[in-house]
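In: dropping the sequence and predicted coords here.
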Amino acid sequence: MDGNLSPLVILCVALLPNDLLLSSAAFLEPFDLLYDTAVQAFYSSDYESVVRYMEGALSSHREARRTRVRCRLRCQDQHPFDETFSDLRFFDGVLRRAACMNTCIEAKLGIQSVHKVSDEVTQDFNRRIPYNYLQLAYQK
């Protein structure tokens, strides 16, 4: 190949669904920011924005969780614990898995500090509070 993209490749990328393009790492917005924007829109009575941002927050949250699970499973396979149990080998495996996880997550989601979420927002998602906002926004 001469380094140029073939027309078939360009056509395939152009025909990809928007959801697939938006779920890539470069476009994954932090769900806590989307959630905060949706809550502000709710109290401003902008219910269309509430739906748009809250659905985006839920989608981003789901994708971030899936990415972390995939990375965890991949790193467990790449760095299994040895049958011989010693403190040094155990902690070596733990450190290798942690480094693998950091590399994998940053490759998929971007810089992890962008996706650090407060405990309050995490609790809201665990209690499924975003769905309450969505239901109220749909009703109005």
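Out: Noted; the coordinates are in hand. Residues are numbered from 1 along each chain as shown.

In: relative to Gln139, how far out is Phe90?
Out: Phe90 sits 53 Å away from Gln139 when distances are taken as C-beta to C-beta, to the nearest Å. To be clear about C-beta, it is placed using only N, CA and C from the backbone, and glycine gets the same treatment.

In: equivalent analysis for Glu106, please.
Out: In terms of C-beta to C-beta, Glu106 sits 40 Å off from Gln139.

In: neighbour count winner among those two?
Out: Glu106 (16 against 7; other C-beta atoms under 10 Å).

In: any idea which element that one lies in?
Out: Here Glu106 is covered by helix 87-109, with elements defined by DSSP states H and E.

In: what lies in contact with the next helix-or-strand element following that helix?
Out: Next along the chain after helix 87-109, taking DSSP H and E as the criterion, comes helix 119-126. Contact with helix 119-126 is made by 31-32, 35-36, 61, 130, as judged by C-beta atoms under 8 Å, 6 or more residues apart in numbering.

In: among those, name the ones in helices.
Out: 31-32, 35-36, 61, 130 (DSSP state H).

In: out of those, who's the most crowded?
Out: For the ones in helices among the contacts of helix 119-126, neighbours tallied by other C-beta under 10 Å; top is Phe31, 26 neighbours.

In: name the residue closest to the centre of the chain, please.
Out: When C-alpha atoms, centre = their mean is applied to the chain, the residue found nearest the centroid is Ala64 (1.7 Å).
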